[in-house]
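[1] Coordinates only, no sequence provided:
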């Protein structure tokens, strides 16, 4: 990958923030970018962060936690 490309910069940023996200046990990385970074090297049209909130809170509790 060309180190001057926007994709390279996005992946570099993603790799820098993953340890921060990993400190929060309520989030998990999912989706095509996660698969591409950790399992396979497939061509990607974009690099993004897809997170899933793992806790099963009711709406009111989830809103409080989010703030």
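    Structure's in. What do you need? What you are looking at is a predicted structure, and each value in this text was computed from that prediction instead of being measured. Residues are numbered from 1 along each chain as shown.
[2] residues contacting the residue most central in space within the chain?
    Nearest to the mean C-alpha position of the chain, counting by CA atoms, centre = their mean, stands residue 49 at 3.4 Å. Contact partners of residue 49, counting by CB atoms under 8 Å, 6 or more residues apart in numbering, are 14, 17, 21, 29, 33. Glycine gets a C-beta too; all of them are placed from N, C-alpha and C.
[3] is it fair to say the second one lies in a strand?
    In other words, residue 17. No - secondary structure of residue 17 (DSSP: H, G, I helix; E, B strand; the rest coil): helix, not part of a strand.
[4] Which residue, other than its chain neighbours, is closest to it?
    Of all residues not flanking residue 17 in the chain, residue 49 sits nearest, at 7.9 Å (CB to CB, 6 or more residues apart in numbering).
[5] Next up, phi/psi of that neighbour, please.
    Backbone torsions for residue 49, taken as degrees, to the nearest 10, come to phi -110, psi 120.
[6] For residue 39, the count of nearby residues, please.
    A count of nearby residues for residue 39, using other CB atoms under 10 Å, gives 8.
[7] Now residue 51: which helix or strand?
    strand 50-53 (DSSP states H and E).
[8] Check the offset of that strand from the chain's centre.
    Offset of strand 50-53 from its chain centre (CA atoms, centre = their mean, to the nearest Å): 7 Å.
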